[in-house]
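[1] requesting a structural model of the entry that follows:
(chains A and B)
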Amino acid sequence: MAMEQGNLEIDLQRRLGNMTLEADFSCTAAGITAIFGRSGAGKTSLINMIAGLLRPDRGRISLNGVTLFDSSAGTDVPTERRRLGYVFQEGRLFPHLSVRGNLSYGLKRVPKEERRIDLEEVVALLDIEALLERRPAALSGGEKQRVALGRALLANPKLLLMDEPLAALDQPRKDEILPFIEHLRDEMALPIIYVSHSMQEIVRLADTLVLMSDGRVEAVGSVEDLTSRLDLRPLTGRYEAGAVLATTVAGQDKAFGLTELRFAGGRLKVPYLNLPLGQDLRVRIRARDVSIATEKPENTSILNMIECIVKAISEERSPQVDLQLDAGGAAIWARITTRSCHALGLQPGRKVFALIKSVAIDRQSLGRRDKSTRFLSEDQ
Amino acid sequence: MTPTEAMLELTPLESEAIQLSLRVAFWSVLTSLPFGLALAWLLQRYDFYGKTLLNGIIHLPLVLPPVVVGYLLLILLGRQGPLGSWLYETFGISLPFTWEGAALAAAVMAFPLMVRAIRLSIETIDRNLESAARTLGASRLSVFLTITLPLIAPGILAGCVLAFARSLGEFGATITFVSNIPGETRTLPLALYSLIQTPNGEEGALRLAILSVLLSLAALGASELIERRLRARLKD
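    Numbers count the residues shown, from 1 in each chain, chains lettered A, B, ... in the order given. The predicted structure follows:
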């Protein structure tokens, strides 16, 4: 199933109403690349242009060295021959076909020798056996998205485009779909472009982040790097403010139900995770869950006290300020009141302790980095 | 034969008129359907120079007196007419005073109804479904055949039934273009008209009127049944 790693190169422009969409970046077409931005930033238009559903005014798109669009050479490969899967936010299942009919719609258009996945495999993977003879109208929202995902997979795409596939679902339904997307990334090595405005989903799924704002691609890089950059803070979001840490499982405390994670700046204790030692894990720590002390507190319930240096203080005229902290090279954000900031006399360069409540780090803040299943038995 | 049986028996004149009406309406719908579909598609999906004019011309029969339409057809398609003389010299086809001419007159009169119904159904289609189909590898033609056509089928059917009913009742353009010839162009409404003009024809006229009502009801009932089936396929 493994696919050769490739590159997605994009350089295009298109007018959209009174905004001009400009994107010029390239990224490896491997793992999950998230396109993040507020609604109206041009995320959907960008992937519609990759899919060939929207024509750029000017520019070039190439995937794995194959040109899909080039305005100067007059190349414009039609959508149906680009072989890119597309999972839409609202499913877009064909109402006049059964679930089986929907699933095989793309499959039967793939030449037999190019099929790498068959109907039974997808049905088993997505657990939709019981739905096969139903009509889309009789499916729940989560079921619809599973079928839509299966339908796109069966078209045997070279790259899968997903446009906020979970945005219309409630949290339990999201939790139902997320493992499947992780499976595609980990087991099937299918490169995915994932549009989202939820940092939570991105931290859990994505490797590379493309930040968009007002039709422009502002930055491209790893999720950890971009979320810790102060200049990108207006884009990565105030409410969602937080840092992403690359950690490794370093210990288990079964008596108290805690797991210890090691990262560049020290150790973190979090609620118990059923993961093996040595497992890489990405943890998102929200700025509002981090407090500051200038001296190491004693007699406190807080388990996580990380020694840090204040690197920068945001200059926002509001009751709150965000501090960027450096913990042995890893970035942590803290959101405290402006009053406390003055009272403590915080300045860049000052040594402080970041206090992080263990219970604030929950499952949804975590992103697994690679396959762990085969190690599980050894460490249990 | 009891008097009741005699009442239920169709007279030769009646059965001839009914058969002719059904044949005229059937061919009127069948021949205009491809054009109706193409024009509805064109008007709904594309913008082009002269679109308003084309739309107006298609809808003209709805607002013009039918006699005018029949007269225009006669001028255009009569033996001496520009199109009629060409048709006759090239193919040996002559439309005036034939049942085929009656079918053409009915088709022209019913055309706007058919186009409107189909156009409405094309408008209601979620075009996102078509783009989804293309990302799954279907060409434009394939998308039309496997997605668009099944989804607009109820609208096409509605258009056909409307056109069929309109064709059954066509009078003005028919009598002007193909006259009122027994066995050739005397459809049900024309036969009814003739009976009203005849002394002591009231009873026969009433019978034809009742037949007309029954025929129209049957057509509507049949379409309702088929449409329900088609819609059920979309809903489950």
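[2] next, give phi and psi for the closest residue to chain B within the stretch 201-350 of chain A.
    Closest to chain B within the stretch 201-350 of chain A is residue A:210: 20.4 Å, counting by CB to the nearest CB. To be clear about C-beta, it is placed using only N, CA and C from the backbone, and glycine gets the same treatment. When read as degrees, to the nearest 10, the backbone of residue A:210 gives phi -110, psi 120.
[3] pretty sure it contacts residue A:220?
    Yes. Residue A:210 is in contact with residue A:220 according to CB atoms under 8 Å; the separation is 5.1 Å.
[4] neighbour count winner among those two?
    The residue with more neighbours, out of residue A:210 and residue A:220, is residue A:210; 25 against 19, by other CB atoms under 10 Å in any protein chain shown.
[5] what's the closest non-adjacent residue to that one?
    Spatial nearest neighbour of residue A:210, chain neighbours left out: residue A:35 (4.7 Å); criterion: CB to CB, 6 or more residues apart in numbering or on different chains.
[6] and the helix or strand harbouring the one you found, how far out from the chain middle?
    Using DSSP states H and E, residue A:35 sits in strand A:32-36. Mean C-alpha position of strand A:32-36 versus that of the full chain (CA atoms, centre = their mean, to the nearest Å) differs by 6 Å.
[7] ok, stretch A:248-257 next?
    Using CA atoms, centre = their mean, the mean C-alpha position of stretch A:248-257 is found 26 Å from that of the whole chain.
[8] so where's chain A uncertain?
    Chain A contains residues with pLDDT under 70 at A:1-5, A:230, A:237-241, A:316-317, A:359, A:362-380.
[9] do the same with chain B
    Residues of chain B that meet the cut-off, pLDDT under 70, sit at B:1-3, B:6, B:233-236.
[10] from residue B:178, how far out is the spatially most central residue of chain B?
    With distances taken as CA atoms, centre = their mean, residue B:163 lies nearest the centre of chain B, 3.5 Å away. Remark: distance between residue B:163 and residue B:178 (CB to CB, to the nearest Å) = 18 Å.
[11] what about the helices in chain B?
    Here chain B has its helices, by DSSP state H, at B:3-8, B:12-45, B:51-63, B:66-77, B:82-91, B:99-124, B:127-135, B:140-143, B:149-168, B:172-178, B:188-197, B:202-235.
[12] okay, these in TSV with distance to chain A next?
    As requested, the helices of chain B are exported to TSV (distance: least, CB to the nearest CB, whole Å):
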stretch	distance to chain A
helix B:3-8	43
helix B:12-45	16
helix B:51-63	23
helix B:66-77	38
helix B:82-91	40
helix B:99-124	12
helix B:127-135	4
helix B:140-143	8
helix B:149-168	5
helix B:172-178	38
helix B:188-197	37
helix B:202-235	5
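[13] quick one: closest of those helices to residue A:84.
    Nearest of the helices of chain B to residue A:84, taken as CB to CB: helix B:127-135 at 6.6 Å.
[14] can you dump the C-alpha coordinates of the closest one into CSV?
    What follows is helix B:127-135, C-alpha atoms only, in CSV (Å, rounded to 0.1, in the frame of the first residue of the first chain):
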residue,chain,number,x,y,z
ARG,B,127,-24.4,21.0,-8.4
ASN,B,128,-21.9,20.0,-5.7
LEU,B,129,-23.0,16.4,-6.4
GLU,B,130,-21.8,16.8,-10.0
SER,B,131,-18.4,18.1,-8.9
ALA,B,132,-18.2,15.3,-6.3
ALA,B,133,-18.8,12.8,-9.1
ARG,B,134,-16.0,14.4,-11.2
THR,B,135,-13.5,14.0,-8.3
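[15] give me the buried positions along that helix.
    Neighbour-count burial for helix B:127-135, counted by 16 or more other CB atoms under 10 Å in any protein chain shown, picks out B:129, B:130, B:131, B:132, B:133, B:134, B:135.
[16] spell out which residues of chain A are next to chain B.
    A:51-53, A:78-81, A:83-86, A:88, A:90, A:92, A:94-96, A:105-106, A:109-110, A:134-135, A:137-138, A:151-152, A:155 (CB under 8 Å from any CB of the partner chain).
[17] got the CA positions of the helix or strand where residue A:307 lies in PDB?
    Assigned by DSSP H and E, residue A:307 falls within strand A:304-313. The C-alpha trace of strand A:304-313 is given here as PDB (Å, rounded to 0.1, in the frame of the first residue of the first chain):
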ATOM      1  CA  ASN A 304       4.100  20.200  36.600                       C
ATOM      2  CA  MET A 305       6.600  23.000  37.300                       C
ATOM      3  CA  ILE A 306       8.800  23.700  34.400                       C
ATOM      4  CA  GLU A 307      11.700  26.100  34.700                       C
ATOM      5  CA  CYS A 308      11.600  28.600  31.800                       C
ATOM      6  CA  ILE A 309      13.000  31.900  30.600                       C
ATOM      7  CA  VAL A 310      10.500  34.600  29.500                       C
ATOM      8  CA  LYS A 311      11.300  35.200  25.900                       C
ATOM      9  CA  ALA A 312       8.600  37.700  24.900                       C
ATOM     10  CA  ILE A 313       5.500  39.400  26.300                       C
END
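[18] count of neighbours near the closest residue to residue A:34 other than its chain neighbours?
    Nearest in space to residue A:34, with sequence neighbours left out and distances taken as CB to CB, 6+ apart, is residue A:206 at 3.6 Å. Using other CB under 10 Å, residue A:206 has 25 neighbouring residues.
[19] ok, residue A:206 - contacts?
    A:31, A:32, A:33, A:34, A:194, A:223 (CB atoms under 8 Å, 6 or more residues apart in numbering or on different chains).
[20] out of these, which is nearest to residue B:10?
    Of the contacts of residue A:206, the one sitting nearest to residue B:10 (CB to CB) turns out to be residue A:194, at 70.5 Å.
[21] please name the residues that touch the closest one.
    Shown in contact with residue A:194 (CB under 8 Å, 6+ apart): A:32, A:33, A:34, A:35, A:162, A:165, A:181, A:201, A:202, A:205, A:206.
[22] who's the third one bridged to?
    Each beta-bridge partner of residue A:34 is listed here, defined by DSSP bridges: residue A:194, residue A:209.
[23] pretty sure it is touching residue A:196, no?
    Yes. With contact defined as CB under 8 Å, residue A:34 counts as touching residue A:196 (5.9 Å).
[24] quick check: neighbours shared by these two?
    Counting by CB under 8 Å, 6+ apart, the residues touching both residue A:34 and residue A:196 are residue A:202.
[25] higher neighbour count, those two?
    The neighbour comparison of residue A:34 against residue A:196 (other CB under 10 Å) goes to residue A:34, with 25 against 21.
[26] just want the most central residue of chain A.
    Using CA atoms, centre = their mean, the most central residue of chain A is residue A:202, at 2.0 Å.
[27] ok, now which ones touch that one?
    A:34, A:36, A:194, A:196, A:209, A:223.
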